[in-house]
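Asker: whatever this is, show me its structure:
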Amino acid sequence: MKFDAAIPPTSLREIPQLVRAAEEIGFDALWVAETQHDPFLPLGLVAEHSQRLNFGTAVAIGFARSPATLAYTAWDLSQASSGRFILGLGTQVRAHIERRFGMPWPQSPVGKLRELVGALRALWSTWQTGKKLNFRGNYFNLSLMSPFFDPGPIEHPEIPIYLAGVNKGLCRLAGEVADGFHVHPFHSECYLREVVHPAIAEGAVRADRSAKDINVSVSVMTADNYDLADFVRSQIAFYASTPSYRPVMTHHGWGEVADQLGELARRQQWGEMPGLINEEMLETFAVIAPEDELAGALRARYADLADRLTIYLPFQPGVMGSFWRRMVADMREGS
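Answerer: The predicted structure follows:
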């Protein structure tokens with residue numbers, strides 16, 4: 001199992017130091033999310049200031065961009081890093097696509113994401129082989145690529161694409177067309193075992209692939225003990241209040257709690273929401289263990305469920321350097 005880290009939202013000036021520390025500590029990969037900053041700009045610095053680390057987006061919002069803009073960026077990052085870049089794509093939810101990005105929400109999110117992946121690979125194939133660009137779909141039609149706009153072949157053209165999601169449709173899609181799947185932090189061992197993995201396998205069968213070929217990357221919420229779990233409770237409550245993530249709560253019989261959380265969110269009564277997350281829910285959606293036992297607890301829960309693991313905490317070596325060093329050493333010792 002690979003052990004990765006998440007770069008926090010921060011100034012680009014801070015990225016080189018973070019990257020050098022992450023590589024020295026021994027992480028396998030660095031991930032950047034699209035929250036307060038562009039997710040791709042830091043990755044150029046990751047490529048420049050590391051030699052070994054894989055890196056990628058977890059995730060970039062696919063529906064906020066055209067296939068061509070994504071394809072050019074991924075192509076350049078793969079070339080700059082000698083093939084260490086992984087393109088992670090997510091859909092986001094309708095309100096954010098329409099009201100934060102000002103883009104249309106597709107009639108079929110799964111269908112549009114499938115086309116986006118196909119369009120990316122069509123562009124890359126044209127650049128690498130010189131064959132005519134001709135991608136036709138319901139959302140994207142690409143047929144123009146003159147030499148002036150063609151970056152040409154690169155040494156590492158097989159850029160891995162990871163998709164992200166919560167519900168079965170996107171899990172199946174990852175099994176059909178992707179190289180990996182980013183599991184949302186709001187998940188449980190049971191949900192992974194009974195929903196996510198079977199759906200990925202179903203998609204793989206549809207495409208005559210093996211589910212073993214799809215890397216599963218899991219971001220997991222953790223806490224040292226129940227008294228220090230306030231942040232985790234608030235994160236669980238926030239995610240559980242989102243309608244798109246309700247199936248995770250329903251899977252455990254907590255649909256009514258999800259409805260209550262949704263109502264509190266609509267009223268913007270954020271402070272009351274964590275109180276609805278009891279200890280059973282906390283243990284279900286997070287790993288609660290002392291620092292010296294955390295690596296063992298993570299391996300016990302995810303040994304047959306994850307190929308890559310990231311703790312749902314920003315990597316800040318100056319604040320928690322000893323913690324990260326211990327975690328990397330402990331995770332490697334048990335692998």
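
Asker: in stretch 203-222, what counts as buried?
Answerer: Using 16 or more other C-beta atoms under 10 Å as the test for burial, stretch 203-222 gives 203-204, 209, 211, 214-222. C-beta coordinates here come from the backbone N, C-alpha and C atoms, glycine included.

Asker: same question for stretch 228-235.
Answerer: So, applying 16+ other C-beta under 10 Å, buried residues of stretch 228-235: 229, 232-233, 235.

Asker: among those residues, which ones are in strands?
Answerer: Assigned to strands by DSSP state E, none of the buried residues of stretch 228-235 qualify.

Asker: just those now: which is nearest residue 146?
Answerer: Of all the buried residues of stretch 228-235, residue 146 sits closest to residue 235, with 47.7 Å by C-beta to C-beta.

Asker: so the closest one makes contact with residue 185?
Answerer: Yes. At 7.2 Å, residue 235 counts as touching residue 185 under the criterion of C-beta atoms under 8 Å.

Asker: joint contacts of those two?
Answerer: Both residue 235 and residue 185 are in contact with 221, 312, where contact means C-beta atoms under 8 Å, 6 or more residues apart in numbering.

Asker: in CSV, list the buried residues of stretch 228-235 along with pLDDT and distance to residue 246.
Answerer: Compiled in CSV, the buried residues of stretch 228-235 are given as follows (pLDDT from 0 to 100; distance: C-beta to C-beta, whole Å):
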residue, pLDDT, distance to residue 246
229, 86, 22
232, 94, 19
233, 94, 18
235, 94, 16
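
Asker: now, the buried residues of stretch 203-222 that are in helices?
Answerer: Per DSSP state H, helices hold the following members of the buried residues of stretch 203-222: 203-204.

Asker: in strands, which of the buried residues of stretch 203-222 fall?
Answerer: Using DSSP E, the buried residues of stretch 203-222 in strands are 215-222.

Asker: which intervals of the protein have sub-threshold pLDDT?
Answerer: 335 (pLDDT under 70).

Asker: please enumerate the helices of it.
Answerer: Taking DSSP H, the helices of the chain run over residues 15-25, 41-49, 67-80, 94-99, 109-129, 168-177, 189-191, 197-206, 230-240, 246-251, 255-266, 279-285, 291-302, 317-333.

Asker: any chance of those helices in a markdown table with distance to residue 9 as columns?
Answerer: Shown next, in a markdown table, are the helices of the chain (distance: least, C-beta to C-beta, whole Å):
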| stretch | distance to residue 9 |
| --- | --- |
| helix 15-25 | 11 |
| helix 41-49 | 10 |
| helix 67-80 | 19 |
| helix 94-99 | 16 |
| helix 109-129 | 25 |
| helix 168-177 | 24 |
| helix 189-191 | 27 |
| helix 197-206 | 29 |
| helix 230-240 | 15 |
| helix 246-251 | 25 |
| helix 255-266 | 22 |
| helix 279-285 | 23 |
| helix 291-302 | 24 |
| helix 317-333 | 15 |
